[in-house]
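S.K.: 3D model of this:
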Amino acid sequence: MEKKQLGIIFGSRSCEREVSVISAVQMMHHIDRERYDAIPVYIDEDGVWYTGEALEHIETFQHFGQHLRELRKVRLDMTAGSGALLATEITGGLIQREKTVIVARIDVFVVVMHGLNGEDGTLQGMLELANIPYSSTGVGGSAIGMDKILMKQFFRGAGLPVLEGEWTTRGAFQRDPEGEIERIGKALGYPVFVKPANLGSSIGVSRADNPEELRESLELAVEYDRRILIERGLNHPLEFNCSVLGYDDEVEASPIEMPISGDQFLDFHEKYLSGGGSKGMASLHRVLPAPIGDELKNTIQETSKRIFRMLDCKGVVRIDYMYDRESESLYITEINTIPGSLSFYLWENAGLRYSRLIDRLVDYAEKAHAEKNASNYAYSSDILNQAVLGSKGAKGSKTGMGRK
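M.R.: Here you go, the predicted model:
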């Protein structure tokens, strides 16, 4: 059987780039090498693309500049269906010329991005234009899943339970900080949690228990994003995470985990550094499966599958919840359309090995690609033959369209 050329794309211009590196390297160590050739594609903080075997090792990223000779700068051929990674070589002696060569030809991209410029629909849009199968949720679902303000409005509009929230912008806060602090405090009370709208991994997130702390939290958040979400806080809630895997009508929910935090919320350090950092989300302290009753378990799993379908997700996602023990109310925190460590540890708990999870991601990517190409993009009409363009062009008032 001919091996599939699997492009593992990760990194990018994102505050979560290092988390993406850990998730990607972790994944590459579990690929079935009998079925796939793994081709790592790393996008650095400046947006430069690299490939090379050295990218499969975490040590490469600890001293990246020292490994550049082992890597090749590449770019994606945007010709639909090509899948080629191109590089430029210098040839000739006295008269040097640039020559474009094909370094690899990707059959399927496994997207292991976290954060902006990768998880937010931008990369997905590029891969759609290039007409290459890819593993993550598509453009629309990725964009909504990245922006916490849009996400909350989407969930609320769908009748799903979310915490009360307000939002502001960097400009509004800097123009009138006292006014924004007063408005938010009156609307939500205290405590509140302040979150950059387009960041994950708890970067820039903080809790505020009074107006002065709210000011500090907003000052922190606007360093990372232009749009800021502020949510009503719960005192000592339980947290639950549930992964969903599938595409179209084939959707299943994982066992539910209960992360264990030593603080008010799971910050970046607890998520990624408490276990040494090399295992990503898999090193988080948790109870798995969560010690909850069947009714709550069923509610979380069914809600998670519903969200997956509503956002037309693909591959593997993780949906996070908070449970208020006082009111016995469940709230959706967010969806992660490309979860840390691809949530492989949740699926291993369900009996699905990581290598087989990767197989499923590839399968769903190819199914979605085939579905897309089954649509008709060649609708023909006589509109061009009937068009008469005036001096104002196709949209001008002098355009005639052969009206009868």
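S.K.: what's next to stretch 162-178, contact-wise?
M.R.: 149, 152, 155-156, 180, 183-184, 187-188, 197, 215, 218, 222, 225-232, 234, 322, 331-332 (Cβ atoms under 8 Å, 6 or more residues apart in numbering). Placement of C-beta: from N, CA and C, glycine included.
S.K.: among the residues you listed, which are located in helices?
M.R.: 149, 152, 155-156, 180, 183-184, 187-188, 215, 218 (DSSP state H).
S.K.: immediately after the longest helix along the chain, which helix or strand?
M.R.: Looking across the chain with DSSP H, the single longest helix is helix 354-374. Sequence order places helix 383-386 as the next helix or strand after helix 354-374, per DSSP states H and E.
S.K.: among the ones in helices among the contacts of stretch 162-178, which ones are buried?
M.R.: 149, 152, 155, 180, 184, 188, 215, 218 (16 or more other Cβ atoms under 10 Å).
S.K.: residue contacts, the fifth one?
M.R.: Ile184 sits next to 166, 168, 192, 214, 230 when contact means Cβ under 8 Å, 6+ apart.
S.K.: mind checking the SS state of Phe173?
M.R.: Three-state assignment for Phe173 (DSSP: H, G, I helix; E, B strand; the rest coil): helix.
S.K.: number the residues from 57 up from this point.
M.R.: In the new numbering, first residue 57, that becomes Phe229.
S.K.: from Arg153, how far off is it?
M.R.: 54 Å (Cβ to Cβ, to the nearest Å).
S.K.: and what of Glu220?
M.R.: For Glu220, the distance to Arg153 - Cβ to Cβ - is 63 Å.
S.K.: more neighbours: these two, which one.
M.R.: Per other Cβ atoms under 10 Å, whichever of Glu220 and Arg153 has more neighbours is Glu220, with 14 against 8.
S.K.: check what pLDDT the more buried one gets.
M.R.: Looking at Glu220, its pLDDT stands at 96.
S.K.: which residues of this structure fall in helices?
M.R.: 73-84, 114-118, 178-186, 195-202, 204-213, 226-231, 233-244, 267-277, 324-328, 350-366, 400-405, 410-430, 439-442.
S.K.: alpha carbons of the shortest one, in PDB - could you do that?
M.R.: Taking only C-alpha atoms (Å, rounded to 0.1, in the frame of the first residue of the first chain), the coordinates of helix 439-442 have been written out as PDB:
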ATOM      1  CA  ILE A 439     -25.200  36.100 -18.500                       C
ATOM      2  CA  LEU A 440     -21.800  37.000 -20.000                       C
ATOM      3  CA  ASN A 441     -23.000  36.800 -23.600                       C
ATOM      4  CA  GLN A 442     -25.900  39.200 -22.700                       C
END
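S.K.: what residues of it count as buried?
M.R.: In helix 439-442, counting by 16+ other Cβ under 10 Å, buried: nothing.
S.K.: now Ile290: closest residue in space that isn't a chain neighbour?
M.R.: Just to correct that, residue 290 is Leu rather than Ile. Distance criterion Cβ to Cβ, 6 or more residues apart in numbering; nearest residue to Leu290, sequence neighbours excluded, is Asp380 at 5.1 Å.
S.K.: what bridges to that neighbour?
M.R.: With DSSP bridges as the criterion, Asp380 is bridged to Ser385.
S.K.: so what's the residue count around the nearest residue to Pro247 once chain neighbours are set aside?
M.R.: Residue nearest to Pro247 in three dimensions, not counting chain neighbours: Gly289, with 3.6 Å by Cβ to Cβ, 6+ apart. Neighbour count for Gly289, taken as other Cβ under 10 Å: 20.
S.K.: surely Gly289 and Phe249 touch.
M.R.: Yes. Counting by Cβ atoms under 8 Å, Gly289 does reach Phe249; the two are 5.2 Å apart.
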